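S.K.: Everything below, folded, please.
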Amino acid sequence: MLSELRVLRLSDNWIEQVPNQLPAMLKNLEVLDLGQNEIASISGFFGVALAGRKLRQLMLDDNNLEQSLPVSIAMVDSLHVLDISRHRLIHILLLIRIPITVVILLLLILILIRILILIQELSERLPRADRLHAALPARAAHVQQPLRREPA
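M.R.: Numbers count the residues shown, from 1 in each chain. Take a look at the predicted model:
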């Protein structure tokens, strides 16, 4: 009977953990709503168990997730909607199916942008060359003028 279930809404039930066995019991599940609970983490096995299933929507909104979701959730090819809103997630990049070369390129671009910002901030703090050049001859002229003695 549970294996034929297509929609399971368990939202707002104070659930703290998702049982790893849940995907095995719900083979035809298309929508799993675990939103508005107290879930703090999702096991990597949970995502592996969902792979090859029919799950289209996984709602995890408004829980207590703070760490990254397992990469195994990205293996669920049928998943069209993943709601992880209203969390303090630290890492979500691993869920996005981006080739590692693109991720590295994006990180290098971010580093380059940060370096350019630092260079700009440093150049604003240093005296400008034209002001420095204009100030030097005036000081040099003042120093180079010989003392004139009045004839006695």
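S.K.: longest helix of the chain?
M.R.: helix 100-125 (DSSP state H).
S.K.: Break this structure down into its structural domains.
M.R.: The chain is divided into the following domains under automatic domain parsing: 2-97, 106-144.
S.K.: most packed of those?
M.R.: Comparing these by mean neighbour count (mean count of other CB atoms under 10 Å), domain 2-97 comes out on top with a mean of 16. Every residue, glycine included, has its C-beta placed from N, CA and C.
S.K.: As a check, name the ranges of all helices in this protein.
M.R.: According to DSSP H, the helices that the chain contains are 22-25, 44-50, 100-125, 129-144.
S.K.: Among these, which one carries the weakest average confidence?
M.R.: Among those, helix 129-144 carries the lowest mean pLDDT, a mean of 56.
S.K.: contacting residues for the nearest residue to residue 44 once chain neighbours are set aside?
M.R.: Spatial nearest neighbour of residue 44, excluding adjacent residues (CB to CB, 6 or more residues apart in numbering): residue 70 at 3.8 Å. With contact taken as CB atoms under 8 Å, 6 or more residues apart in numbering, residue 70 is in contact with 42-44, 46-47.
S.K.: any idea of the pLDDT on residue 70?
M.R.: 77.
S.K.: now swap in residue 18 and tell me
M.R.: You'll see residue 18 listed with a pLDDT of 87.
S.K.: Does it touch residue 45 like I think?
M.R.: No. In this structure, residue 18 is not within contact of residue 45 by CB atoms under 8 Å, at 10.1 Å.
S.K.: Starting from residue 111, give me the distance back to the residue nearest to residue 64 when sequence neighbours are not counted.
M.R.: Excluding its sequence neighbours, the residue lying closest to residue 64 (CB to CB, 6+ apart) is residue 40, at 4.6 Å. According to CB to CB, to the nearest Å, residue 40 and residue 111 sit 32 Å apart.
S.K.: do residue 23 as well
M.R.: Distance from residue 23 to residue 111, by CB to CB: 39 Å.
S.K.: How about residue 84?
M.R.: Look at residue 84 and residue 111: by CB to CB, they are 27 Å apart.
S.K.: and if you look at residue 118?
M.R.: 11 Å.
S.K.: same check, this time on residue 125
M.R.: Distance of residue 125 to residue 111, given as CB to CB: 21 Å.
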